[in-house]
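# Below: sequence and its predicted model.
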Amino acid sequence: MRQKITFFLLVGSLLSGWAHSDALLLQKSATQAFIHEMVSKEHFDEKQLVATLSQAKFQPQIIVSMERPYEKKTWDLYQSLFLTEQRIQAGLVYWRDNQAALIAAEQRFGVPADMIVSIIGIETLYGQHQGTYRVLDALSTLAFYYPKRAPFFTKELKEYLLLCREHGVPATKYLGSYAGAMGKPQFMPSSYRMYAVHMHAAGHPDLMTNDQDVIASVANYFHRHGWSMYQPVAQPAYVRGTAYRQLSANGKVADYTLERLRAAGVRPQGAVTTAPTKAGLIALTTQQGSDHWLAFPNFYVITRYNTSPQYALVAYLFSQRLRTAWARLPHANNAYASR
């Protein structure tokens, strides 16, 4: 409790003095080291870079948001925020309006349309909520005023400035989330540079307005991280006894053979079809207790997009609801692959 009180006192003091923080940014030793690296290794003009960073504004609310992410909510509350009829209907409209791009993405990258539509819907409700913070402000705030994640966000600030240079735009142009994620699929700058796909011969990938680029980029991201078409993602599980508590839950890979899980008292609810040889155990907290799932390798591909197991599971469940709803529509296109 004392740590929480100290944290919010710190944030309160920052809030009260935020107008002075911009001037202090360039004086920080971490900022000076960052400028030196960008000039010496990435060949930025020092005066121009200093001018850019002098426009960055410290946003203390971003730090508050980082401490209270959606993923810290209980599983039952978390899924209720995303598995809504509004989001499903919006997803069907998006699917209908982008059928050609979704079919092309399935065929080129081997990632099903329902999963692509699910990710875009969860991230920004199909572009409606791409974020209101300037990406420059978000990343500089987290790089230089949020020590426990400073290395990660310093790297992302570097990637962002490189991205803006490549796109030929000022670093003050793009808006995004409080964590600096950008566009309809909410790519971090490093992911934008590495995985974004432009569907035309000239120009740069546009993840803010070009749905062809958005769809192809999400599919490419999943493909490059090992998505396997026709393989399952997750399945509800029963747990019996106490041996399952010796297993490591909510890990980053499929740790256990199905035989090992069964020996520990973990069994799937229903038949497992075309199941991989290994799975992980997911344990999520609800207001009624714990909810257990078997997680297959495709599940962990989703966690490369967002590390939270709650996020990965809600993305999968939403994709299944979208697929079911789409199949009931009279205009549903049979060209989509079946997992």
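Looks like it came in fine. Numbers count the residues shown, from 1 in each chain.

# I'd like the mean pLDDT over the helix or strand hosting residue 291, please.
Element membership for residue 291 (DSSP states H and E) is strand 289-295. Averaging pLDDT along strand 289-295 yields 94.

# which of the residues in stretch 68-79 are buried?
Using 16 or more other C-beta atoms under 10 Å as the test for burial, stretch 68-79 gives 75, 78-79. Heads up, the C-betas are built off the backbone N, CA and C, glycines and all.

# Now distance to residue 172, secondary structure and pLDDT too, for the residues you listed, in a markdown table please.
Converted to a markdown table, the buried residues of stretch 68-79 look like this (distance: C-beta to C-beta, whole Å; DSSP: H, G, I helix; E, B strand; the rest coil; pLDDT from 0 to 100):
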| residue | distance to residue 172 | secondary structure | pLDDT |
| --- | --- | --- | --- |
| 75 | 39 | helix | 94 |
| 78 | 34 | helix | 93 |
| 79 | 37 | helix | 94 |
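
# Tell me the one among those residues nearest to residue 183.
residue 78 (23.2 Å; C-beta to C-beta).

# Hmm, the closest one is touching residue 314, no?
Yes - judged on C-beta atoms under 8 Å, residue 78 makes contact with residue 314 at a distance of 6.6 Å.

# Pick the one among the buried residues of stretch 68-79 closest to residue 306.
For the buried residues of stretch 68-79, the nearest to residue 306 is residue 78 (12.0 Å; C-beta to C-beta).

# What residues does the residue nearest to the closest one when sequence neighbours are not counted make contact with?
Using C-beta to C-beta, 6 or more residues apart in numbering and skipping the chain neighbours, the partner closest in space to residue 78 is residue 310 (5.0 Å). Counting by C-beta atoms under 8 Å, 6 or more residues apart in numbering, residue 310 makes contact with 71, 73, 75, 78-79, 284.

# Below-threshold pLDDT in the protein: ranges please.
Along the chain, the parts satisfying pLDDT under 70 run over 1-22, 70-71, 201, 273, 332-339.

# Tell me which residues are up against the strand ranked longest in it.
Longest strand in the chain, counting residues (DSSP state E): strand 278-286. The contact list for strand 278-286 (C-beta under 8 Å, 6+ apart) reads 74-76, 234, 237, 244, 247-251, 253-258, 261, 266, 290-297, 299-300, 309-310, 313.

# now, which of those residues lie within strands?
234, 237, 256-257, 266, 290-295.

# would you turn the residues you listed into TSV with neighbour count and distance to residue 104?
Below are these laid out as TSV (neighbours: other C-beta atoms under 10 Å; distance: C-beta to C-beta, whole Å):
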residue	neighbour count	distance to residue 104
234	22	27
237	21	36
256	21	37
257	13	37
266	24	39
290	12	41
291	17	36
292	18	37
293	26	32
294	25	32
295	29	29
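
# Show me which of these is closest to residue 94.
residue 234 (23.4 Å).

# Which stretches in the stretch 51-200 of the chain count as helices?
60-67, 75-82, 85-97, 99-109, 113-124, 135-145, 150-167, 189-195 (DSSP state H, counting those that start in this stretch).

# so which of the ones you listed comes closest to residue 212?
helix 99-109 (4.7 Å).

# what helices or strands is that closest one leaning on?
helix 113-124, helix 211-224 (3 or more C-beta pairs under 8 Å, 6 or more residues apart in numbering; DSSP states H and E).

# Residue 136 is nearest to which of those helices?
helix 113-124 (19.5 Å).

# That closest one to helix 99-109, inter-axis angle?
Counting by axes from the mean of the first three to the mean of the last three C-alpha atoms, to 10 degrees, helix 113-124 lies at 110 degrees to helix 99-109.

# Can you give me every residue that contacts the residue of the chain positioned farthest from its centre?
Most distant from the centre of the chain: residue 241, at 35.1 Å, with distances by C-alpha atoms, centre = their mean. Residues in contact with residue 241 (C-beta under 8 Å, 6+ apart) are residue 265.

# Name the SS class of it, please.
coil (DSSP: H, G, I helix; E, B strand; the rest coil).

# any residues touching stretch 196-206, and which ones?
With C-beta under 8 Å, 6+ apart, stretch 196-206 has contacts from 101, 166-167, 183, 187, 192, 207, 210, 212-213, 216-217, 220.

# Return the members of those residues classed as buried.
Applying 16+ other C-beta under 10 Å to the contacts of stretch 196-206 flags 101, 183, 187, 192, 207, 210, 212-213, 216-217, 220 as buried.

# Count the neighbours of the closest residue to residue 231 other than its chain neighbours for me.
Computed as C-beta to C-beta, 6+ apart, the closest residue to residue 231 that is not its neighbour in sequence is residue 298, at 5.4 Å. Neighbours of residue 298 under the rule other C-beta atoms under 10 Å: 25.

# That concludes my questions; thank you for your assistance.
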